[in-house]
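**Student:** Predicted model and sequence below, questions to follow.
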Amino acid sequence: VEFYLQQIVHLLVHSCDAVRNKDKLVDAVLSICKAKTYTAHLGNSIHVALHLFWLLEAMLHDCHGTATYNIVAMLIMSIEAQVVNQHFELRDLVRLFHDVPGLKQSILRPVADAKHDETRAAQPTPLPSSSKGAVSHDTITTVATLSEAEKTTLLAWIEAERLKRYKYFHQERDFIVALAGISETMRHMEPRESRKAALPGLLARLIIPDMAYIPLGRASDPYCRVLRVLEAEGTVFSTHSRAPVLICFEVVQEASPPRAATGSTSQAATYDQDTLECIQATYAALFFRSASCDLTTDDNPPPEDAVSLASIKDIVDQNIQATIMRRTSKTAYDMSLAKLMEPTVFGESWAAKKKRLQAASPYGHLRGWNVVSLISKSHDDMRQEVFVLQLIAQIQGIFRDAHLPLWLRAYRIVSTGHSTGLIETITDAQSLDAIKKSKPSISLKDHFDQTYPAPAARDLATLNFMHSLVGYSLVCYILQVKDRHNGNILLDSEGHVIHIDFGFVLGIAPGGGWSLESQPPFKLTKDMVDVLGGVASPLFAQFVELFTHGFLALQRNAEKIITMVEIMMHKATYPCFQNRDVVKDLQKLRDRFVETLPMDDTVEHAVKLVKLSYKNKWTKRYDQFQKITNGILP
């Protein structure tokens, strides 16, 4: 439910005309916000309620003066009432006694000390495991037999819990408003050069409420309370009209109820032989059969060891169940890249930074201590970015369910209003533009060779690069992500590509109908392919094969993506839907999945997309345009 909050709210406000259905959706939304009465689970439902509150508050700005304004305003008030002021009856405590070991004793201990025998007779009988959550008539009767003193104790405890919920809900809201206020203050500060020096003072005055946390995770994540802000670690990024602020916090993970262990979902990928043979044959035919293939033109001379169909088949057969399907574990990274990577390339690593801050912190000794960072942004509607990252997370799930090793980083963004939001920072990463500017005339291949001098580290980083390059190539094609200059493409210390900034998607692009990016399906430069060893290399053969498998997986699950877009595109204020023929755009999205093509034709289509993208002249021209106008290196 949490994953689809945007769609639920949008349907509720815009797409449900029948009053009866509206009532059902309202009840469903409010039921999500109902908090547990005991503190151990307090954050889960209030976290969701806060996200609903922020979604609706932004929507309230959009629908001012319309018929939907009253609906949104009613929902905002109802959410707070549901979370904070809900009435709990004594029978609710039966479930608490059953769910939370020791709660009964801790609540009734003051009464039990005075009236030991009477309290023992009055305590409710625990529910059997087969009826967890149910309240029997006998149990309710037992609760009703509690003495007046015990009832008074229980009701006082319930009221205290209600106050905790009030405090939690309002303190977090105030905390997030204060973070947006810092960015807004920076935005109005002139001259811009003074902002960096003024930021530590602003951060020092930031009030950290008792129960504040960073709301960039999921409701199921452990609750991490904010301890203090690290004034010296903040940074302001001044642009023409905005001043996003990076802020670091010390946090501590609070105790939480134990969770059931879940098994690993990692499985080896398997494919039917017909699919493999079709991909192999199509790949060889399109890339290497013709001596006049346009891949060998321009600055890419014909390889001396051109790969034949037979050798392609050998490459795939040797690697399909081994190298290209192996999931890269964190242990492998720790043993290889972290120790073998050239440390000066990415500067101070996030792990080293945390170690330094922990040593200097008065809270560093606490169990569960950590450092988290975020970017607070104002004067910017971030809801489209949130939506695109939701689509990327959905695609990531499709790849995972298909047991493909394709890698995507669906980092978190929370829109906290119509013009404010929080962004999860991507640590240990730099833009391709920054990497190239740090070492003039360096190629991506040179960067990998210099950053990972050990052969094992180089191989692992290159594999990570290939897995992520495939994933984002598919994302950029299906969602038509544009403005893909090297300032919007990051490379992390493990070798992964990470795309950011999704202001141009689903049909809109810089330059509108005259966009230089309208022709290539996605960005695939010679610089990128050279990291893999060129078009004649085994890794490029694996790239094409994984791209095809990923495309087939998306085709099988096309409705998951199409439905999410279809729900949001009607009456949404996102730039990608404004002043557009959304019906036509939706059909174009569906067409990109080529759902009606048989498997052989789909494979050929996918491989042709790679061929059309590689060294596309329009990609080169857009990179040249960005270099001339914005100084971004290609």
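**Tutor:** Thanks, I have it.

**Student:** quick one: pLDDT of residue 37?
**Tutor:** In the prediction, the pLDDT value recorded for residue 37 is 38.

**Student:** What sits closest to residue 449 if chain neighbours are left out?
**Tutor:** In space, residue 449 comes closest to residue 458 once its chain neighbours are excluded; the distance is 7.0 Å by CB to CB, 6 or more residues apart in numbering. (C-beta placed from N, C-alpha, C; glycine too.)

**Student:** Tell me which helix or strand that neighbour sits in.
**Tutor:** Assigned by DSSP states H and E, residue 458 belongs to helix 455-478.

**Student:** Strands along the stretch 501-634 of the chain, start to end?
**Tutor:** For the stretch 501-634 of the chain, no strands are identified by DSSP state E, counting those that start in this stretch.

**Student:** Help me confirm that residue 622 comes into contact with residue 516.
**Tutor:** Yes: distance between residue 622 and residue 516: 4.2 Å, which falls inside the contact criterion (CB atoms under 8 Å).

**Student:** And the next helix or strand along the chain from the helix holding residue 458, how far out from the chain middle?
**Tutor:** Proceeding C-terminally, helix 455-478 gives way to strand 489-492 as the next helix or strand, assigned by DSSP H and E. In terms of CA atoms, centre = their mean, to the nearest Å, the gap separating the centre of strand 489-492 from the centre of its chain is 16 Å.

**Student:** what do you get for stretch 363-378?
**Tutor:** On CA atoms, centre = their mean, the centre of stretch 363-378 falls 18 Å from that of its chain.

**Student:** And for stretch 408-418?
**Tutor:** Per CA atoms, centre = their mean, the displacement of stretch 408-418 from the mean C-alpha position of its chain is 6 Å.

**Student:** So for stretch 624-632, mean pLDDT?
**Tutor:** Confidence over stretch 624-632 (mean pLDDT, whole number) is 92.

**Student:** Mind listing what's buried along it?
**Tutor:** In terms of neighbour count (16 or more other CB atoms under 10 Å), stretch 624-632 has its buried residues at 625, 626, 632.

**Student:** who's in contact with residue 503?
**Tutor:** Residues in contact with residue 503, defined by CB atoms under 8 Å, 6 or more residues apart in numbering, are 384, 385, 483, 575.

**Student:** Buried ones among these?
**Tutor:** If you count burial by 16+ other CB under 10 Å, the buried members of these come out as 384, 385, 483, 575.

**Student:** wait, which of these is closest to residue 521?
**Tutor:** Checking the buried ones among the contacts of residue 503 against residue 521 by CB to CB gives residue 483 as the nearest, at 15.3 Å.

**Student:** any low-confidence regions in the protein?
**Tutor:** Counting by pLDDT under 70, the chain shows low-confidence ranges at 15-26, 28-29, 32-44, 85-147, 150-151, 154, 255-277, 279-346.

**Student:** mind redoing it with 80?
**Tutor:** 1, 12, 14-45, 64-67, 82-158, 161, 240, 255-347, 512-514 (pLDDT under 80).

**Student:** Pop the domain breakdown of it in here.
**Tutor:** Domain assignment for the chain, taken from the TED database, gives 2-85, 177-255+347-379, 380-630.

**Student:** Give me whichever of those domains is most buried.
**Tutor:** With neighbours taken as mean count of other CB atoms under 10 Å, those reach their highest mean count in domain 380-630, at a mean of 19.

**Student:** Can you report phi and psi for residue 240?
**Tutor:** The phi and psi values for residue 240, taken as degrees, to the nearest 10, are phi -60, psi -40.

**Student:** mind checking how far it is from residue 625?
**Tutor:** Distance, residue 240 to residue 625, by CB to CB, to the nearest Å: 18 Å.
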